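In: The sequence and its predicted three-dimensional model are supplied below.
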Amino acid sequence: MPVEGYIVNFRLGGNRQYPREVIVEVPGVSDVKSASRLLHRKVVWRSQGGLEFRGVVKSLHGKKGRVIVRFRRPLPGQALGTTVTIL
C-alpha cells in the first residue's frame, strides 16, 4: 500500500549538502519503531514536468520517525516541501 511523505530537506554534512539524499517525514509515523518498517522500500518523486525520480529508503534520521531516502539522480531544489510516494 503506497504511503505519502513530505521532503523536509536535503541531507546536510559539515561542509556540503548531498543532493541525492533527502530527509522525508511521513504523517502518522512519529517514532523509530514505526519508521523502521519503511526501510528498503522504493520511493518515487514526480516533478510538475512529468519526470520521475526513483529512490530507496536507506536509513532512519533522528528519533521522530524521519527517514533518509537516496535517489538515483540528484533532486532539484523545487522538490523541497513536495510529496513523495513510498511504495
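Out: Good, I have the coordinates. Numbers count the residues shown, from 1 in each chain.
In: Show me what the helix or strand hosting Phe10 packs onto, helices and strands only.
Out: Assigned by DSSP states H and E, Phe10 falls within strand 3-12. Applying 3 or more CB pairs under 8 Å, 6 or more residues apart in numbering; DSSP states H and E, we find strand 3-12 packed against strand 17-25, strand 66-71, strand 83-86. (Each C-beta comes from the backbone N, C-alpha and C, glycine too.)
In: deepest of the ones you listed, which one?
Out: strand 66-71 (a mean of 20; mean count of other CB atoms under 10 Å).
In: SS state for Ser36?
Out: helix (DSSP: H, G, I helix; E, B strand; the rest coil).
In: Name the nearest residue to it, sequence neighbours excluded.
Out: Leu60 (6.5 Å; CB to CB, 6 or more residues apart in numbering).
In: contacting residues around the one you found?
Out: Val32, Ala35, Ser36, Leu39, Arg66, Val67, Ile68 (CB atoms under 8 Å, 6 or more residues apart in numbering).
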